[in-house]
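# Below are the sequence and a predicted model; questions follow.
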Amino acid sequence: MFSNVKFLQKLTKRHPGKPQQFEQVRQAENASETIDRGAADVPVNNISGTVGRYRDFDGEFRSRNRGGEARFQHILAAMRSGTSLPPVSLYQIKDDYFILDGHHRVAAARALGRDTINARIVELLPAKKSLENQLYLEKITFRDNAGLLKSIQLTELDQYHHLELQIKQHQTWLAEEKLIDVSYKQAAQDWYQTIYLPLVTLISRSGLVDNFPGRTTDDLYLYISTHQWNSSKPRQYGIGIDKLIPRDMEAFRKKMAELKKHEYPDMKQDITFFILLNVDGRQERRIIDKLMQLEPVRELHSVHGSIDFIVKVVLSRDLLSSDAELISRFTHGNVRMLKGVISTQTLIPGLSRYKDDPCP
């Protein structure tokens, strides 16, 4: 499920000086089947082209004709004053939108720094066979079947059925809990709010996605949730995740429902270990200086006996990482490579007690 994928580049690129041509993109994507999406707020930055009028407007949808400036200024003033204006009309092809009617309103929204604009949307589905299009069609099919307003962005084919399974399991649980029939869409809405969003929030706050180039937070949601709730195979990642994310999906839902958003737990935890070093005595001072420059090194002790130094290290790791891998990477990348280090040995404490700790 989690192999590397190289994404295809977009077939057409945006040009800051001129809008994309709708017909050109439509033909490139072989997009003809239409769906009326109704009215919705559309990100202004996703409006990239025009239907049949690309010579009349620049890349910001400002009119190239003198007569258009007065119209633009009039609409700009109306928007500033809060006057209600009718929605613009857009064609959609994947994540790009093309103006059928409302160029001046879009230009004014851009000029005012608005993030979104209300629009009536007709989507044309891409039929050109490509990985990008297959992923897109799977994405919107799942979203529409579930009745969700926002899409979930996965980067591998044939993975949305895992999310559908979670929703169906949640649908069964809700029906038994409430003793009423619950539709798939009703279950999907509740799953999105009480299971999906809390776990995605944990993942986003952890910065975990930075460790997986080309992946999305939703990819990590799928990976973590399926391994935690739907897999019976032994876990290959770090210990401790069961305390944060119970093995039962509904137990996780209940746990998160009892917390406010700012009380959500952290997906990172500290790991403490010790490195025992033997070094060349002629390099001792330089090695000490180098080690003490490393932020994770908290203590360094010179000792007499079969070893020369004991170094205490505290690393922060996410709950998908292996302790052994993280310790090995730090030791080999920061300690073993120092000139004068003869040998190293790592120790991970088991039970730790401190004198000031209360007795269990």
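Right, received. Where do you want to start?

# Name whatever forms a beta bridge with residue 302.
residue 309 (DSSP bridges).

# quick one, what contacts it?
284, 288, 308-309 (Cβ atoms under 8 Å, 6 or more residues apart in numbering). Just so you know, the C-beta spots here come from the backbone N, C-alpha and C atoms, and that holds for glycine as well.

# Now the residues you listed in JSON lines, please, with extra columns for distance to residue 189 and neighbour count.
JSON lines is the format used below for the contacts of residue 302 (distance: Cβ to Cβ, whole Å; neighbours: other Cβ atoms under 10 Å):
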{"residue": "284", "distance to residue 189": "64", "neighbour count": "15"}
{"residue": "288", "distance to residue 189": "59", "neighbour count": "15"}
{"residue": "308", "distance to residue 189": "62", "neighbour count": "20"}
{"residue": "309", "distance to residue 189": "58", "neighbour count": "20"}
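
# Tell me which two of those residues sit farthest apart.
288 and 308 (10.2 Å; Cβ to Cβ).

# quick one: stretch 246-263 to chain centroid distance?
With Cα atoms, centre = their mean, to the nearest Å as the basis, stretch 246-263 stands 20 Å off its chain's centre.

# Which residues does the particular helix or strand that has residue 187 in it contact?
Taking DSSP states H and E as the definition, one finds residue 187 inside helix 184-191. Identification of contacts with helix 184-191 by Cβ under 8 Å, 6+ apart yields 145-148, 166-168, 170-171, 174.

# could you redo the last one with a cut-off of 10 Å?
Residues outside helix 184-191 that contact it (Cβ atoms under 10 Å, 6 or more residues apart in numbering) are 142-149, 163-164, 166-175, 180, 182-183, 196-197, 249, 253.

# sorry, back to before: give me the common contacts of residue 288 and residue 308.
In contact with both residue 288 and residue 308: 279, 302, using Cβ under 10 Å, 6+ apart.

# gap between the residue nearest the centre of the chain and residue 200?
Nearest to the mean C-alpha position of the chain, counting by Cα atoms, centre = their mean, stands residue 217 at 2.4 Å. Distance of residue 217 to residue 200, computed by Cβ to Cβ, to the nearest Å: 6 Å.

# shared neighbours of the two, which are they?
Any residue near both residue 217 and residue 200 by Cβ under 10 Å, 6+ apart counts here, and that gives residue 152.

# what about residue 340, neighbour count?
By other Cβ atoms under 10 Å, 16 other residues sit near residue 340.

# does it really touch residue 290, like I thought?
Yes - under the criterion of Cβ atoms under 10 Å, residue 340 makes contact with residue 290 at 9.4 Å.

# who touches both of the two?
Common contacts of residue 340 and residue 290 (Cβ under 10 Å, 6+ apart): residue 283.

# Could you chop this protein up by domain?
The chain breaks down by automatic domain parsing into domains covering 20-128, 144-263, 268-347.

# Mean pLDDT added to these, as JSON lines?
Below are the domains of the chain laid out as JSON lines (pLDDT from 0 to 100):
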{"stretch": "domain 20-128", "mean pLDDT": "94"}
{"stretch": "domain 144-263", "mean pLDDT": "89"}
{"stretch": "domain 268-347", "mean pLDDT": "89"}
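
# elements contacting the longest strand along the chain?
Criterion DSSP state E: the longest strand present in the chain is strand 268-279. If you count contacts as 3 or more Cβ pairs under 10 Å, 6 or more residues apart in numbering; DSSP states H and E, strand 268-279 packs onto helix 241-244, helix 284-292, strand 297-302, strand 309-318, helix 323-330, strand 341-347.

# what separates the first one from the chain centre, distance-wise?
In this case it means helix 241-244. The answer for helix 241-244 is 20 Å, by Cα atoms, centre = their mean.

# Flag every buried residue along it.
241, 244 (16 or more other Cβ atoms under 10 Å).

# Determine the next helix or strand in the C-terminal direction from it.
Helix 241-244 is succeeded, C-terminally, by helix 249-257 (DSSP H and E).

# quick one: contacts of that following helix?
166, 169-170, 173-174, 177, 190-191, 193-195, 197-199, 201-202, 225, 228-230, 244-246, 248, 263-265.
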